[in-house]
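> Have a look at this prediction, sequence included:
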Amino acid sequence: MSGLKLRLQHWLPQRAMSRAVGWLMTRTWRPWKNGFTRLFIRLYRVDTSEALSQDLAHYPHFNAFFTRALKPGARTPDSDPAAALIPADGAISQLGPVTDGRLLQAKGHTYSAAELLGDAEFARAFEGGVFATVYLSPRDYHRVHMPLAGTLVSTLHVPGRLYSVAKFTVEGIPNLFARNERLVCRFDTERGPMAVVMVGAVNVSGIETVWRGVEVPPYAEVPTPRDYRAASPPIRLERFAEMGRFNMGSTAIVLLPKGFVLDPALAPDRPVRVGQRLARWQPGG
């Protein structure tokens, strides 16, 4: 059965499916959006007590509920100013060192940081650093927050497939994260460069950022860079600030430079929340 599921990933019309899901999730007909939202809450056991609004009438369509804001204080950042933060609610897919320019995808599979980031020179800045991959399930809070305070340098929209990012495909499709459509966000921080990669997946009908709004779709046909170094004023986001959101679920990957040590409490498949400690700055540690 798992082999059939993997073959289907290659055969499915991924972009057409994702566009169709995106269209359905933004319909405003009340019986549809309210009924579907209630069904979704039951099926995925969504904790609505944390939502800023629990009134379904507040949400014009399902996607507005899916990307819902949380009540003030529902998430708080780690109090250690030397700590980099988990960017999203979800579960750790993998984490570890960046070694020989490669990241661990799953047991037996590594992939190239240069391919993921679409820039070999930028990827070299993370050699000896660390990475973490966070998988967002449908029930999770779908806004992505800053691991560190930083100034936006550039983004790169990389074209690709829209494979599922569920565990069976991560374990079964080599180079999945470097093959899927994604938005690479590059920041300068006081600790050095930082990358936050928002990875698309099947039925993920959009990626948004706080500085530009909708980034995906449209889906890219060629790599699309945007340079923000000349932005006036500079686009600076504080640690723990919201930086973007997924319209339907997916994966966020953080790369940090040498000098950061991952929190030893973290491990693959462990649930995590926005603001939790990801790593601590310990140069020479």
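Now that the structure is in, tell me what you want to look at.

> can you tell me the average pLDDT over the longest helix anywhere in the chain?
Assignment by DSSP state H gives helix 30-44 as the longest helix of the chain. Across helix 30-44, pLDDT averages out at 92.

> Could you do stretch 200-220 as well?
So the average pLDDT for stretch 200-220 ends up being 86.

> Going by neighbour count, list what's buried in it.
For stretch 200-220, burial by neighbour count (16 or more other Cβ atoms under 10 Å) applies to 200-211, 215-217, 220. Placement of C-beta: from N, CA and C, glycine included.

> Hmm, Leu56 is touching Arg38, no?
Yes: the criterion here is Cβ atoms under 8 Å, and Leu56 meets it with Arg38 at 7.3 Å.

> Tell me the helix or strand right after the longest helix of the chain.
helix 62-66 (DSSP states H and E).

> So which other helices or strands are in contact with that following helix?
helix 14-25, helix 30-44 (3 or more Cβ pairs under 8 Å, 6 or more residues apart in numbering; DSSP states H and E).

> More neighbours: which of Leu56 and Arg38?
Leu56 (17 against 11; other Cβ atoms under 10 Å).

> Per-residue pLDDT of that one, please?
91.

> ditto for Met1
45.

> Tell me who's in contact with Met194.
Pro147, Leu148, Gly150, Arg186, Phe187, Asp188, Val254, Leu255, Leu256, Pro257 (Cβ atoms under 8 Å, 6 or more residues apart in numbering).

> brain fart, Arg30
Taking Cβ under 8 Å, 6+ apart as the definition, Arg30 has no contacts.

> ok, back up a step: can you point out the buried residues in the longest helix of the chain?
Result for helix 30-44 [16+ other Cβ under 10 Å]: buried residues Lys33, Phe36, Thr37.

> rewinding a little: and of the helices and strands packed on helix 62-66, who's closest to Thr99?
With Cβ to Cβ, the closest approach to Thr99 among the helices and strands packed on helix 62-66 belongs to helix 14-25: 31.1 Å.

> Show the end-to-end separation of stretch 38-52, please.
Start to finish, the residues bounding stretch 38-52 are 17 Å apart (Cα to Cα, to the nearest Å).

> I meant stretch 171-188, not that one.
End residues of stretch 171-188 are separated by 32 Å (Cα to Cα).

> Just the buried residues of that stretch, please?
171-173, 176-187.

> among those residues, which one has the lowest pLDDT?
Scoring the buried residues of stretch 171-188 by pLDDT puts Gly172 last, at 76.

> how far away is that one from Ala106?
To Ala106, Gly172 is 8 Å away according to Cβ to Cβ, to the nearest Å.

> Ok, Phe246 next?
In terms of Cβ to Cβ, Phe246 sits 21 Å off from Ala106.

> which two from the buried residues of stretch 171-188 end up farthest apart in space?
That would be Gly172 and Phe187, which, of the buried residues of stretch 171-188, are the farthest apart (Cβ to Cβ) at 32.0 Å.

> Measure how far stretch 196-205 is from the centre of its chain, please.
Offset of stretch 196-205 from its chain centre (Cα atoms, centre = their mean, to the nearest Å): 7 Å.

> now swap in stretch 114-132 and tell me
Worked out by Cα atoms, centre = their mean, stretch 114-132 lies 17 Å from the chain centre.
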